[in-house]
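*Asks:* Got a predicted structure plus its sequence, pasted below:
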Amino acid sequence: MPQFTCSICGDGFEQKSRLQRHIDTSHPPQAPSAADIEKALAGIDYPKNKEDLVQYAHQKNVNYRKRPF
Ligand SMILES: [Zn+2]
């Protein structure tokens, strides 16, 4: 039974250092800088067309706006 368990994905580790390393590599902090965002978007065609944006927003808010029209 592993002593240390990742609170994010549930993976178990025998050593705390391994858990820490796992978190660093698999679950990096959710605070990207503007440069990181720019880099992440660099390979994406942006802005997308209107239909793509509507679809994206719909997926994001699928639980939020559930009323028909
Ligand atoms: Zn994990």
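*Replies:* Yep, that arrived.
*Asks:* residues from this protein in reach of the ion?
*Replies:* Residues of the chain lying near the ion by C-beta under 5 Å from the ion: 6, 8-9, 11, 26. In this view, the C-beta of every residue, glycine as well, is placed from N, C-alpha and C.
*Asks:* how about a cut-off of 8 Å?
*Replies:* For the chain, the residues in contact with the ion (C-beta under 8 Å from the ion) are 6-11, 22-23, 26-27.
*Asks:* In helices only, show me those residues.
*Replies:* 22-23, 26 (DSSP state H).
*Asks:* show me where the protein has helices.
*Replies:* 16-26, 34-41, 50-60.
*Asks:* got JSON lines for those helices, with distance to Met1 too?
*Replies:* Listed next are the helices of the chain as JSON lines, based on distance: least, C-beta to C-beta, whole Å:
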{"stretch": "helix 16-26", "distance to Met1": "14"}
{"stretch": "helix 34-41", "distance to Met1": "37"}
{"stretch": "helix 50-60", "distance to Met1": "39"}
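*Asks:* Buried deepest among the ones you listed, which one?
*Replies:* helix 16-26 (a mean of 13; mean count of other C-beta atoms under 10 Å).
*Asks:* is Gly12 in a bridge, and if so with what?
*Replies:* Taking DSSP bridges as the rule, Gly12 bridges to Thr5.
*Asks:* Nearest residue to the middle of the protein?
*Replies:* Gln30 (7.5 Å; C-alpha atoms, centre = their mean).
*Asks:* any idea how far that residue is from Asp36?
*Replies:* 11 Å (C-beta to C-beta, to the nearest Å).
*Asks:* same check, this time on Arg21
*Replies:* Arg21 is 21 Å from Asp36, by C-beta to C-beta.
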